[in-house]
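Asker: The following block contains a protein sequence and its predicted model.
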Amino acid sequence: MHDFRGTIALVTGSSRGIGHALALAFARSGADVVINYRKSGGKSEEQGAMLSKQIEEMGRRAYLIQADIAVKASVNHLFSEIRERCGRLDFLVLNAAKAPFKPLEQLFERELRQLVETNFLGNIFCVQEALPLFEKRGGGKIVFISSLGSRFYNTSYPLGTMKAAMEAAVRDLAESLSDRKISVNGVCGGIVKTDSFKILRRLWDEVAQIPDELFVEPDEIADAALFLCGPASRGLCGQTIVVDRGLSNRLHRPVTVRQRENQ
């Protein structure tokens with residue numbers, strides 16, 4: 001579907017979950033991939049190393065780089081490594097996210113700061129550092145990975161507030177960067193069964209009533225991101241497209257016969 005041979009894609013937070021699927025999708029399309037993980041010596045680094053090996057076995061280059069995007073100096077290091085090791089950047093996918101599962105009014109100051117620093121400031125830091133690399137190539141593509149929490153309330157999902165803020169930033173950046181031939185759009189994903197879903201399921205009773213066919217696969221998010229990085233998306237500017245299998249189309253869905261039998 002896409003031919004990204006000769007390009008470099010950076011996917012933040014790409015050692016697991018949706019980021020893992022994004023990195024593999026870019027590699028399958030011919031791109032070399034910068035794999036980013038937050039903390040050294042942990043499970044994320046181990047998963048990132050496995051992903052790097054998988055991508056290299058596909059005949060693509062993988063660059064595994066540790067960086068906590070919440071820390072500006074760490075972002076500076078990430079992009080310094082990209083400049084030195086890759087020499088270019090074509091696609092920036094802002095996927096990294098981190099937040100506690102608790103109501104906004106119950107967040108401690110350190111949790112509030114982490115919420116903003118990782119999920120808003122960190123993304124802006126990445127955009128700022130990517131600009132010189134994009135301009136060197138005469139343009140580039142930025143894709144932000146959002147979620148339905150940006151539009152719908154959940155009692156223990158403060159991350160949704162920052163996702164909404166970033167969707168507004170997508171609109172603003174698309175306008176301010178358009179003259180530089182830098183495209184900015186987003187993908188708002190539905191409910192995906194990643195590691196964080198296990199926690200969400202304990203906090204959100206209603207999730208058990210959602211039919212299996214309305215859960216989104218990570219590859220479906222990746223498909224939309226690749227579309228936004230390809231030439232077919234040239235007419236989109238500052239848009240966040242929803243990939244949720246229609247979950248958000250209706251306020252109420254009747255219980256199916258199969259669901260009744262399982263209750």
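Answerer: It's in. Residues are numbered from 1 along each chain as shown.
Asker: Dig out what the residue nearest to residue 52 when sequence neighbours are not counted forms beta bridges with.
Answerer: Closest residue in space to residue 52, ignoring its immediate chain neighbours: residue 62 at 3.9 Å, by CB to CB, 6 or more residues apart in numbering. Just so you know, the C-beta spots here come from the backbone N, C-alpha and C atoms, and that holds for glycine as well. Partner residues in beta bridges with residue 62, using DSSP bridges, are residue 33.
Asker: Show the contacting residues for residue 62.
Answerer: 23, 27, 32, 33, 34, 35, 51, 52, 53, 55, 56 (CB atoms under 8 Å, 6 or more residues apart in numbering).
Asker: Likewise for residue 238?
Answerer: Counting by CB under 8 Å, 6+ apart, residue 238 touches 170, 171, 172, 173, 174, 175, 184, 185.
Asker: Show only the entries of those found in helices.
Answerer: Secondary structure from DSSP state H places 170, 171, 172, 173, 174, 175 of the contacts of residue 238 in helices.
Asker: okay if I get those residues as JSON lines plus neighbour count?
Answerer: Output for the ones in helices among the contacts of residue 238, formatted as JSON lines (neighbours: other CB atoms under 10 Å):
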{"residue": "170", "neighbour count": "22"}
{"residue": "171", "neighbour count": "16"}
{"residue": "172", "neighbour count": "11"}
{"residue": "173", "neighbour count": "21"}
{"residue": "174", "neighbour count": "19"}
{"residue": "175", "neighbour count": "11"}
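Asker: how close does the residue positioned nearest the centre of the chain sit to residue 229?
Answerer: What sits nearest the mean C-alpha location of the chain, by CA atoms, centre = their mean, is residue 95, with 2.2 Å. Taken as CB to CB, to the nearest Å, the spacing of residue 95 relative to residue 229 amounts to 13 Å.
Asker: quick one: average pLDDT of the one helix or strand residue 161 maps to?
Answerer: Using DSSP states H and E, the element containing residue 161 is helix 159-177. Helix 159-177 shows a mean pLDDT of 97.
Asker: which outside residues touch it?
Answerer: For helix 159-177, with CB under 8 Å, 6+ apart as the criterion, the contacting residues are 94, 97, 99, 104, 115-116, 119-120, 123-124, 127, 131, 142, 144, 146-154, 183-186, 188, 237-240.
Asker: returning to that earlier point: contacting residues for the residue nearest to the centre of the chain?
Answerer: Listed by CB under 8 Å, 6+ apart, the contact set of residue 95 reads 11, 12, 13, 14, 18, 19, 22, 145.
Asker: Would you list the phi and psi of residue 243?
Answerer: Geometry field for residue 243 lists phi and psi as phi -120, psi 90, criterion degrees, to the nearest 10.
Asker: That one: neighbouring residues, count only.
Answerer: When neighbours are counted by other CB atoms under 10 Å, residue 243 registers 22.
Asker: Check the one 5 residues further on too.
Answerer: With neighbours defined by other CB under 10 Å, the count for residue 248 comes to 14.
Asker: Could you say which helix or strand holds the nearest residue to residue 218 once chain neighbours are set aside?
Answerer: With CB to CB, 6+ apart as the criterion, residue 218 has its nearest non-adjacent residue at 3.5 Å, and that residue is residue 21. Taking DSSP H and E as the definition, residue 21 sits inside helix 17-28.
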